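In: 3D, please:
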Amino acid sequence: QLQLAESGGGWVQPGGSLRLSCSLSTSTLDSWTIGWFRQAPGGEREGVICINMHNYIEYYSRTAKGRFTPTRDNAKNTVYLQMDNLDPEDTGTYSCAATKGSCIAREFSAWGRGTQVTVSS
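Out: Residues are numbered from 1 along each chain as shown. Reported below is the predicted structural model:
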């Protein structure tokens, strides 16, 4: 069973940056589409961004556009999420998920446990 593990969360001031990592227990990352999701305190999980196996990027959240950039390193079986110009509304637990399908279908079958991101002054 595919396993995912996030890292890189932490506390950052507004306007700061963080880079999250999502490591997969597979040597075939290039056949997976990876999505990033956020769950704010007391809120529901929502989609942030997705990158497919062809490096096509789908923005689930319009606020991510221009600030968040996913990249993938297939040799390291790792997907990154570079987050810039962070805002307190970006606070939450960030999880990555994997699917063999498309970003649009959102049929993710494997999930990581998440990493906490806190944006505050």
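In: Okay, buried residues for stretch 81-98 please.
Out: For stretch 81-98, burial by neighbour count (16 or more other CB atoms under 10 Å) applies to Leu81, Met83, Leu86, Asp90, Thr91, Gly92, Thr93, Tyr94, Ser95, Cys96, Ala97, Ala98. For the C-beta atoms, the positions are set from N, CA and C on the backbone; glycine is no exception.
In: Stretch 5-17 too?
Out: Buried, per 16+ other CB under 10 Å, within stretch 5-17: Glu6, Gly8, Gly9, Val12.
In: got any ranges where this protein has weak pLDDT?
Out: Low-confidence segments of the chain (pLDDT under 70): none present.
In: Centroid-nearest residue for it?
Out: Trp36 (2.8 Å; CA atoms, centre = their mean).
In: partner residues bridging that residue?
Out: On the basis of DSSP bridges, Trp36 is bridged to Ile49, Cys96.
In: List the contacts of it.
Out: 20, 22, 47-50, 68, 70, 81, 94-97 (CB atoms under 8 Å, 6 or more residues apart in numbering).
In: Reformat these as a markdown table; add distance to Trp111.
Out: Putting these into a markdown table (distance: CB to CB, whole Å) gives the following:
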| residue | distance to Trp111 |
| --- | --- |
| Leu20 | 14 |
| Cys22 | 10 |
| Gly47 | 13 |
| Val48 | 14 |
| Ile49 | 15 |
| Cys50 | 14 |
| Phe68 | 19 |
| Pro70 | 16 |
| Leu81 | 15 |
| Tyr94 | 12 |
| Ser95 | 6 |
| Cys96 | 8 |
| Ala97 | 5 |
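In: Between which two of the residues you listed is the distance greatest?
Out: Largest separation among these by CB to CB: Phe68 and Ala97, giving 15.6 Å.
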